[in-house]
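Enquirer: no sequence for this one, just the structure:
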């Protein structure tokens, strides 16, 4: 195989330089040959673009300040633009509106075609009606000793039982919030989506519990009623409560920075505060210990004595309190924090004396509210986001959704009644 020409030229140049003795005449030539390039491609100078602008250079771009309120305002504007676009499309295409009379006259002489056209026409009519809101104003009225939400002149009804939704007179804030929820809907179709009417679903859950209790008292209810099923479900969260699952002690490679607490310290401090309050004012004499501590991976169960006391306390709650406790437990993935929030704001007997100085807080000190309950339910998430950062549209959405659900619990159980 013939060797490449470049390699031969390189070897020849090297031999020539080794055999040539430098003299004052040949020294510049030898130095120049040593710097010669082997390739023969001519070098081209870089082309510098001329500067056409005048004046000082522009300032570097700065990121816009983003917050939850600005994102919410931006999404609200986008929703308004989409609604305007849909309205313009409907105005530009009148044929999209249902016209049942034309279809009926055109198919009056055929049997099968008439039925098919009638079904299609009825579906168009129903879809067109769902895109519109059949009520104009929403009012809260007192009717026969209870609050009712009226859509124009129609009272709000239970979606399953079709009974009128009636709220106690001691809950005016709940009735007002329920009316605001329906006033924010823009179509009847939105009323069929549970995530758009969360407060209505929560109120109907409390009414279902009350109806089941009434049926069980009359002897016509199921032996294993709704209340007993909820109590058994909530007890399972007692053995896996997030407040009672502590992180292992930090190792040498996971030590917190100077002046900062470790995750275990935060969990332990929050648990001691809540457990101390519950064991002294809600369940006196009950012993509640961590279920996951150290390097263990399997949680421990509480004693049967503790479980019986907690279950009996849950079974004695009113329908409104039981529905609120269920929502708080499912939102925060823990029983103790939800119970602490419930007894702080309930107008029933379980909240007797709470908020009037008996909770251990000073007269001017802030009460245990939604923000405190949300921090209890997300101690580890907050610690991780402080260390590694927050993921947009994930952590911030979960944070606001948790506070929304806990706020609905406060609205459901609180009131103006005497404790």
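Expert: Great, that's in hand. In this text, all values refer to a predicted model and were calculated from it rather than measured experimentally.
Enquirer: all contacts plus neighbour counts: C-alpha atoms, from now on.
Expert: Fine.
Enquirer: for residue 260, what are phi and psi?
Expert: Dihedral pair for residue 260: phi -120, psi 150, per degrees, to the nearest 10.
Enquirer: same deal with the one 4 residues further on?
Expert: When quoted as degrees, to the nearest 10, the phi and psi of residue 264 stand at phi -60, psi -40.
Enquirer: and the nearest residue to residue 255 once chain neighbours are set aside, what does it touch?
Expert: Leaving aside its sequence neighbours, residue 255 sits nearest to residue 262 (C-alpha to C-alpha, 6 or more residues apart in numbering; 7.4 Å). By C-alpha atoms under 8 Å, 6 or more residues apart in numbering, the contact list for residue 262 reads 250, 255, 256.
Enquirer: pull the helix or strand with minimum mean pLDDT from the protein.
Expert: Every helix and strand in the chain was compared by mean pLDDT, DSSP states H and E; the lowest is helix 100-106, with a mean of 43.
Enquirer: ranges for the strands of the chain?
Expert: 138-142, 147-151, 154-155, 166-167 (DSSP state E).
Enquirer: and the second one with strand 138-142, angle?
Expert: Think strand 147-151. 150 degrees (axes from the mean of the first three to the mean of the last three C-alpha atoms, to 10 degrees).
Enquirer: how distant is strand 147-151 from the center of its chain?
Expert: Strand 147-151 has its C-alpha centroid displaced from the chain centroid by 29 Å (C-alpha atoms, centre = their mean, to the nearest Å).
Enquirer: can you pull the phi/psi pair for residue 133?
Expert: phi -100, psi 120.
Enquirer: contact partners for the closest residue to residue 380 other than its chain neighbours?
Expert: What sits nearest to residue 380 in space, not counting adjacent residues and going by C-alpha to C-alpha, 6+ apart, is residue 263, at 6.8 Å. By C-alpha under 8 Å, 6+ apart, the contact list for residue 263 reads 247, 379, 380, 383.
Enquirer: for those residues, which one is nearest residue 58?
Expert: residue 383 (40.0 Å; C-alpha to C-alpha).
Enquirer: what is the burial count for that closest one?
Expert: A count of neighbours around residue 383, defined by other C-alpha atoms under 10 Å, yields 15.
Enquirer: and it, how far from residue 235?
Expert: From residue 383 across to residue 235, the span is 27 Å (C-alpha to C-alpha, to the nearest Å).
Enquirer: and residue 60, by the same measure?
Expert: 58 Å.
Enquirer: residue 168 too?
Expert: Relative to residue 235, residue 168 is positioned 29 Å away (C-alpha to C-alpha).
Enquirer: ok, residue 151 next?
Expert: 39 Å.
Enquirer: which residue packs closest to residue 306, ignoring adjacent ones?
Expert: residue 286 (5.9 Å).
Enquirer: contact partners for the one you found?
Expert: 279, 306, 309.
Enquirer: test my guess that the second one contacts residue 289.
Expert: No - shown here, residue 306 and residue 289 do not form a contact pair, counting by C-alpha atoms under 8 Å, at 10.6 Å.
Enquirer: between these two, who's got more neighbours?
Expert: More crowded of residue 306 and residue 289, by other C-alpha under 10 Å: residue 289, with 17 against 14.
Enquirer: what about residue 256, neighbour count?
Expert: Number of residues near residue 256 (other C-alpha under 10 Å) recorded here: 13.
Enquirer: so who does it touch?
Expert: Contacts of residue 256 by C-alpha under 8 Å, 6+ apart are 250, 262.
Enquirer: how close does it get to residue 263?
Expert: Distance, residue 256 to residue 263, by C-alpha to C-alpha: 9 Å.
Enquirer: show me where the stretch 251-400 of the chain has helices.
Expert: 263-281, 304-315, 319-332, 335-345, 370-377, 379-388, 395-413 (DSSP state H, counting those that start in this stretch).
Enquirer: among those helices, which is nearest residue 90?
Expert: helix 395-413 (33.4 Å).
Enquirer: could you check the angle helix 370-377 makes with the closest one?
Expert: Using the same axes, to 10 degrees: helix 395-413 against helix 370-377 is 120 degrees.
Enquirer: which residues are in contact with helix 395-413?
Expert: 68, 171, 173-174, 199, 203, 320-321, 324-325, 327-328, 331-332, 341-342, 345-347, 370-371, 373-374, 390.
Enquirer: rewinding a little: look at residue 60 and residue 235 and report which has more neighbours.
Expert: residue 235 (18 against 6).
Enquirer: now do the contacts for the more buried one.
Expert: 307, 310, 311, 335.
Enquirer: any idea how far the last one is from residue 201?
Expert: When distances are taken as C-alpha to C-alpha, residue 335 and residue 201 turn out to be 21 Å apart.
Enquirer: the two: which has the busier surroundings?
Expert: More crowded of residue 335 and residue 201, by other C-alpha under 10 Å: residue 335, with 24 against 15.
Enquirer: OK, contacts around the more buried one?
Expert: Taking C-alpha under 8 Å, 6+ apart as the test, what residue 335 contacts is 234, 235, 237, 238, 241, 328, 329.
Enquirer: touching, the last one and residue 338? I think so.
Expert: Yes - Residue 329 sits in contact with residue 338 when judged by C-alpha under 8 Å, with a separation of 5.6 Å.
Enquirer: compare those two (neighbour count), which wins?
Expert: Counted by other C-alpha under 10 Å, residue 329 and residue 338 do not tie: residue 338 has more neighbours, with 26 against 22.
Enquirer: look at that one and report its pLDDT.
Expert: Residue 338 carries a pLDDT value of 96.
Enquirer: for residue 38, same thing?
Expert: The model's pLDDT for residue 38 equals 60.
Enquirer: got it, and residue 180?
Expert: pLDDT for residue 180: 95.
Enquirer: how many neighbours does it have?
Expert: Based on other C-alpha under 10 Å, the number of other residues close to residue 180 is 15.
Enquirer: do the same with the one 4 residues further on
Expert: A total of 12 residues lie near residue 184 under the criterion other C-alpha under 10 Å.
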